[in-house]
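> just a sequence and a predicted model for now, questions to come.
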Amino acid sequence: MSSPLQKALVFKFLSRTLAYPNQAFIPTLVEVSDEIETGKEERQALIRAFELEETEPLQAEYTRLFINGYPHTACPPYESIYLEKRMHGDAAVAVSAAYAEWEMTVEPGLIDHLSTELEFLAFLASAESLDKAVSKDAQKASERFIRQHLCRWVPQFIDDLKEGAKLEAYRKLGELMESVLGEYCEKG
């Protein structure tokens, strides 16, 4: 990624892909994607795949994959569930502490949701563009957060998403996440 602000936009885009697919879903993805300078083809292919689906099946797939699939939820996007097999576990406490270091508060039920973790990384990437002291602290915090949180569970989440998705749009989302986030975890 070329600059901290571009990196922030990529994290923001990925965060938005995990939103419930309502009327604002596609326009929001397009708006954020248009601001990112690189990787447009992958993002546009993903957006096109979402656009090809009717809203109701897309919402049903979202629910099945991330909220309450039967007989099990394919890939609940929570760090605590992946690491501890429960909601609001020690991982959520640790993530909350990382947010608190930057004076951020998050709705309790979403603390260790992947979307929230990606928003936090977008915030840190934006902070990397500020003065040198803040920039260095933000970069270190980002690297630590990725190593201590994201890379411990997101690779398995991505595998589960790619394997569990029945709609092409969510399979493509898994591929895009693997392409973007995979490089961070390989560095680890």
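Perfect, I can see it now.
> any stretches of this structure with poor pLDDT?
Applying pLDDT under 70 to the chain flags the ranges 1, 187-188.
> what's the single longest helix in it?
Using DSSP state H to define each element, the chain has its longest helix at helix 168-187.
> quick one: it to chain centroid distance?
When distances are taken as Cα atoms, centre = their mean, to the nearest Å, helix 168-187 is centred 10 Å away from the chain's centroid.
> buried residues in that helix?
Neighbour counts over helix 168-187 (16 or more other Cβ atoms under 10 Å) mark 169-178, 180-181, 184-185 as buried. For every residue, glycine as well, the C-beta is placed using N, CA and C.
> next SSE after whichever helix or strand Ile26 is part of?
Using DSSP states H and E, Ile26 falls within helix 25-35. Proceeding N to C from helix 25-35, the next assigned helix or strand is helix 40-52, under DSSP H and E.
> tell me the buried residues in that next one?
The neighbour-count check on helix 40-52 (16+ other Cβ under 10 Å) flags Arg43, Leu46, Ile47, Ala49, Phe50 as buried.
> what do you get for stretch 105-123?
Neighbour count says stretch 105-123 has 106, 111-123 buried, by 16+ other Cβ under 10 Å.
> what residues are up against Glu37?
Ser2, Gln6 (Cβ atoms under 8 Å, 6 or more residues apart in numbering).
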